[in-house]
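Peer 1: Next comes the sequence, and after it the predicted model I'd like to discuss.
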There are 2 protein chains.
Amino acid sequence: MGSRLNKPTVPRVVIFGSGNVATHLAAALDPKVEITHIVSRDKSHALALASRLKRAEAVEYDCSNIPEADIYILSVNDDSITTIAHSTPGSGLWLHTSGSVPVDVFAQSKSRFGVLYPLQTFSKNVAVDMAKVPLFIEGSDSEVTAEIESLARLLSPRVVVAGSDTRRKLHIAAVFACNFATRLWAIADGILAEAGLGFDVLGPLLQATLDKSLAVGPVKAQTGPASRGDLNVVNSHLSTLSGDNEKIYRLISDSIMNSYQN
Amino acid sequence: MGSRLNKPTVPRVVIFGSGNVATHLAAALDPKVEITHIVSRDKSHALALASRLKRAEAVEYDCSNIPEADIYILSVNDDSITTIAHSTPGSGLWLHTSGSVPVDVFAQSKSRFGVLYPLQTFSKNVAVDMAKVPLFIEGSDSEVTAEIESLARLLSPRVVVAGSDTRRKLHIAAVFACNFATRLWAIADGILAEAGLGFDVLGPLLQATLDKSLAVGPVKAQTGPASRGDLNVVNSHLSTLSGDNEKIYRLISDSIMNSYQN
């Protein structure tokens, strides 16, 4: 096996980015690998992250001045992945951490490349147990995939080899499940505020709902007026709503009734 | 204070219903109150619940044959609340446990009545820590409200006096936050299945999303392509969707963009 990770020396890693994903990934990899540099368009952000690591240096992004490394990890926004991939030299293994960018963003300019996509949301000051995070990986060939898997297993035992199409479906599923659920919670928050109540009153109900969906699957966990075909309640609720909230209530109720009332 | 709960004897309670709410409520009240009878249209269901309680008898529902009690609790579906309230005699305190039925369903036929609404979802075989559940109560007068509050505090310290309009808003908020989130999770589950993945891969992400929304509020917790105005990703996702899923993706993304991109 040609994997560099099988050598006794730990790989030298350069991380592009200093946002939430870069921060959590760097913290979880350090010092299992040697993070030599944090590269960012904003030097002060790079410094802030580098200062939390063993021995990383902060570097302001300049495509002509990238340090040598074994692995380059691009934890930057999707547009910047493309720009950096096309304009930055470097002969190591190139990875990005995005759910929505195909692996072949690197194909024109790099020979060894892949993806390491952690399916988690990261906030700078909230600890994440990386060992529970599913990591979806893809490599430009099977040897590269094995090398990425070795790197990924330093972070979490939940490593899944997944092509760009699977990762794309994952990302869409995560948008529905998390981003859109958050929007529904924001709507609920607004309705509660009208009644002088805080979002926290929903805490136990939300936790039980999530627990049940994870335990028996969300299809079986569905409850509520639409799923039991209670048009009296559905119409009564609709009569108090307007605008986007009314449209969302109607559309999702229809979707539930289409699925559960046939 | 004329509250019966201040007397040394514990109140005698008759519970109508043998479904999920009735089951959890009865289990949490027993033996803090004396549950004398479980009344159900289906005698075998009443028997199953009564057998799990200290000394309750099972009774098949018959409006002319209801035992005397201090408190009658109607944990039945919304339509049955109306029927039972109108047709069943009984001079005690009458309560229902619904989020969507106004308290005055009892006004025609009863003199002392109210609502005890637990904001939680109940499944027969999943334990619920009732002490964490917010209970929303309303009484036909202030003395009755105090009596219901004493009863509610036997179950949980989170007791909120809330009129029917507040309870209605709560219920609508809960439909958005829980029932509709469950629907989004079912959609995500379907998309993951196409990629050969189980819903459990989203577990850590969903838990982190919920934790963040409860910690900082869902408006601040919003993330994702729509909230950062990333139309490339939004349109790319839309191009792979159809039917209700496409409509829901478009409508909620619009709603997010309307809220976050102004």
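Peer 2: Nice, I can see it.
Peer 1: residue boundaries of the strands in the stretch 51-200 of chain A?
Peer 2: For the stretch 51-200 of chain A, the strands defined by DSSP state E, counting those that start in this stretch occupy A:57-60, A:71-74, A:93-96, A:113-118, A:135-139, A:159-161.
Peer 1: Tabulate the ones you listed (JSON lines), appending mean neighbour count.
Peer 2: Just so you know, the C-beta spots here come from the backbone N, C-alpha and C atoms, and that holds for glycine as well. Below are the strands of the stretch 51-200 of chain A laid out as JSON lines (neighbours: other CB atoms under 10 Å in any protein chain shown):
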{"stretch": "strand A:57-60", "mean neighbour count": "17"}
{"stretch": "strand A:71-74", "mean neighbour count": "27"}
{"stretch": "strand A:93-96", "mean neighbour count": "28"}
{"stretch": "strand A:113-118", "mean neighbour count": "26"}
{"stretch": "strand A:135-139", "mean neighbour count": "23"}
{"stretch": "strand A:159-161", "mean neighbour count": "17"}
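Peer 1: mind checking which of the ones you listed is nearest chain B?
Peer 2: strand A:159-161 (7.6 Å; CB to the nearest CB).
Peer 1: what's the offset of that closest one from the middle of its chain?
Peer 2: Here the centre of strand A:159-161 is set off from its chain's centre by 14 Å, with CA atoms, centre = their mean, to the nearest Å.
Peer 1: and it, what's its mean pLDDT?
Peer 2: On average, the pLDDT along strand A:159-161 is 96.
Peer 1: so what pLDDT did A:S40 get?
Peer 2: 96.
Peer 1: That one against A:F16, yeah?
Peer 2: Yes - under the criterion of CB atoms under 8 Å, A:S40 makes contact with A:F16 at 7.4 Å.
Peer 1: Which one's more surrounded, the two?
Peer 2: A:F16 (28 against 24; other CB atoms under 10 Å in any protein chain shown).
Peer 1: list the contacts for the more buried one?
Peer 2: By CB atoms under 8 Å, 6 or more residues apart in numbering or on different chains, A:F16 lies in contact with A:22, A:39-40, A:61, A:72-76, A:80, A:84.
Peer 1: Give the closest residue to the residue sitting furthest away from the middle of chain A in space, chain neighbours not counted.
Peer 2: In terms of distance from the mean C-alpha position of chain A, A:N232 ranks first, at 40.0 Å (CA atoms, centre = their mean). Sequence neighbours aside, B:D78 is the residue nearest to A:N232 in space, at 7.5 Å (criterion: CB to CB, 6 or more residues apart in numbering or on different chains).
Peer 1: before we move on, back to that, now the strands of the stretch 51-200 of chain A in a markdown table, with distance to B:V216?
Peer 2: Below are the strands of the stretch 51-200 of chain A laid out as a markdown table (distance: least, CB to CB, whole Å):
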| stretch | distance to B:V216 |
| --- | --- |
| strand A:57-60 | 28 |
| strand A:71-74 | 28 |
| strand A:93-96 | 28 |
| strand A:113-118 | 21 |
| strand A:135-139 | 26 |
| strand A:159-161 | 30 |
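Peer 1: Between A:S40 and A:F16, which contacts overlap?
Peer 2: When contacts are counted by CB under 8 Å, 6+ apart, the set common to A:S40 and A:F16 consists of A:Y61.
Peer 1: ok so, going back, quick check, nearest of the contacts of A:F16 to A:L95?
Peer 2: A:I73 (5.0 Å; CB to CB).
Peer 1: Look at the closest one and report its pLDDT.
Peer 2: With respect to pLDDT, A:I73 scores 98.
Peer 1: Whether stretch A:169-189 contacts chain B - can you check?
Peer 2: Yes - judged by CB under 8 Å from any CB of the partner chain, stretch A:169-189 comes into contact with chain B at A:169-189.
Peer 1: Can you give me the end-to-end span of that stretch?
Peer 2: End-to-end distance for stretch A:169-189: 29 Å, by CA to CA, to the nearest Å.
Peer 1: again with stretch A:161-179
Peer 2: Start and end residues of stretch A:161-179 are separated by 24 Å (CA to CA).
Peer 1: In it, which residues are buried?
Peer 2: Neighbour-count burial for stretch A:161-179 flags A:162, A:164, A:166-179 (criterion: 16 or more other CB atoms under 10 Å in any protein chain shown).
Peer 1: In helices, which of those residues appear?
Peer 2: Of those, the ones assigned to helices by DSSP state H are A:164, A:166-174.
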